[in-house]
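# Structure for this input, please:
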Amino acid sequence: METNSTFGASKPVVGMVHLPPLPGAPRYDPEAGREGLHESARRDAERLAAGGVDAVMVENFGDVPFYPEDVPKPVVAEMASLARTVRESAGLPVGVNVLRNDGPAAVAVAAASGADFVRVNVHVGARVADQGILEGRAHETARLRERIDASGVRILADVDVKHSAPLADPGYEAESLAESAERGLADGVVVSGARTGRETALADVERAVERRDDLGLDAPVFVGSGVTARNVDELLSIADGVVVGTALKEGGETTAPVSVGRVEELVAAADGVR
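Just a heads-up that it's a prediction; the model follows:
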């Protein structure tokens, strides 16, 4: 997959739109209501675009505790509506991540909202997380993509995804990369640190890129956590793109609004190596 065709840039910077709790989630705010959800999504999308990111990704970050696999139908409907708001507000390529691990729902949301890509936390294999055992559903996600005429929606699959541990021998991550792209038909892979906002080890990024190159795969490698203005140049000297959330927020707080100044600072640092 060529990053330019999906993200409109070489070595793209993808900024996160972390949605507040949706209706039905324990922390949903009925006083703010759906209008508040759209205002929050619109604000962050506009600020990310103003700061110069190449694409944005919408995620139901506020919906803790997360469903392990199939999210309720109202979540799919709300996210489709909010993803369209983000796309119209940002005017950039848009991605969708339905937490904790509903790849088919993410593809459906992307198709309905006109989004361009999705992120799937466990696309192949299995992991242990606070939701229990998360199993890859590549067979469902890939088939649904074809069935609903969404073949243009690209799939980014995590390797050794954060907030989880593998149900496999140490070192399986390299094989997970190969299986995600080869057998799972993922278009790209994401390497991240142990937790949201936690820095991704440069050695992990290097191993993923080396494994990809050894196998001759056409799958860009993205860094999915802990990217900051301080390290983005070093990470992008190796990786093919970055997904950034916490570092772009006011005060560096994941749940805070996006800061245009922080976005501009990180994008300027990224521009130094691309």
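# Quick check, central residue of the chain?
Central residue of the chain (Cα atoms, centre = their mean): Arg119, 4.5 Å from the mean position.
# if I look at that residue, how far off is Ile155?
In this view, Arg119 and Ile155 are 8 Å apart by Cβ to Cβ, to the nearest Å. Just so you know, the C-beta spots here come from the backbone N, C-alpha and C atoms, and that holds for glycine as well.
# Likewise for Ala203?
Applying Cβ to Cβ, one obtains 25 Å for the distance of Ala203 from Ile155.
# Ala77 too?
22 Å.
# Which residue of these two possesses the greater neighbour count?
Using other Cβ atoms under 10 Å as the criterion, Ala77 and Ile155 rank with Ile155 on top: 26 against 15.
# okay, now the residue nearest to the more buried one when sequence neighbours are not counted: neighbour count?
Leaving aside its chain neighbours, Ile155 sits nearest to Ala186 (4.8 Å; criterion: Cβ to Cβ, 6 or more residues apart in numbering). Ala186 is flanked by 28 other residues according to other Cβ under 10 Å.
# Can you check the pLDDT for Ala186?
Listed pLDDT for Ala186 reads 95.
# helix/strand/coil for it?
Under DSSP: H, G, I helix; E, B strand; the rest coil, Ala186 falls in the coil class.
# how about it, what does it touch?
Contact analysis of Ala186 by Cβ atoms under 8 Å, 6 or more residues apart in numbering lists 120, 123, 138, 155-157, 180, 219.
# and the gap between the nearest residue to the residue nearest to the centre of the chain once chain neighbours are set aside and Ile133?
Excluding its sequence neighbours, the residue lying closest to Arg119 (Cβ to Cβ, 6+ apart) is Asn97, at 4.1 Å. Distance check for Asn97 against Ile133: by Cβ to Cβ, it reads 20 Å.
# the more surrounded of the two?
Asn97 (27 against 13).
# Tell me who's in contact with that one.
57-60, 106, 118-121.
# can you pull out the helices in the chain?
3-7, 33-51, 73-90, 103-113, 138-147, 172-182, 202-215, 232-236, 260-271 (DSSP state H).
# contacting residues around His123?
Contacts of His123 by Cβ under 8 Å, 6+ apart are 103, 136-138, 141, 155, 157-158, 180, 184, 186.
# ok, so of the residues you listed, who is nearest Gly114?
Nearest to Gly114, judged by Cβ to Cβ, of the contacts of His123 is Ile155 at 16.6 Å.
# Could you dump the contacts of His123 into JSON lines and include distance to Leu82?
Shown next, in JSON lines, are those (distance: Cβ to Cβ, whole Å):
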{"residue": "Gly103", "distance to Leu82": "18"}
{"residue": "Gly136", "distance to Leu82": "26"}
{"residue": "Arg137", "distance to Leu82": "23"}
{"residue": "Ala138", "distance to Leu82": "26"}
{"residue": "Thr141", "distance to Leu82": "21"}
{"residue": "Ile155", "distance to Leu82": "20"}
{"residue": "Ala157", "distance to Leu82": "23"}
{"residue": "Asp158", "distance to Leu82": "22"}
{"residue": "Ser180", "distance to Leu82": "27"}
{"residue": "Gly184", "distance to Leu82": "27"}
{"residue": "Ala186", "distance to Leu82": "24"}
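# which one among those gets closest to Leu236?
Checking the contacts of His123 against Leu236 with Cβ to Cβ, the nearest one is Asp158 at 18.7 Å.
# Let me know the distance separating that closest one from Leu177.
Relative to Leu177, Asp158 is positioned 10 Å away (Cβ to Cβ).
# who touches both of the two?
Common contacts of Asp158 and Leu177, defined by Cβ under 8 Å, 6+ apart, comprise Val189.
# Check Pro166 and give its pLDDT.
If you check Pro166, the pLDDT there is 75.
# no wait, Ile133
According to the prediction, Ile133 has pLDDT 90.
# Check the gap between the closest residue to it other than its chain neighbours and Ala178 for me.
Excluding the flanking residues, the one nearest Ile133 by Cβ to Cβ, 6+ apart is Ala126, at 5.9 Å. Applying Cβ to Cβ, the value for Ala126 to Ala178 is 16 Å.
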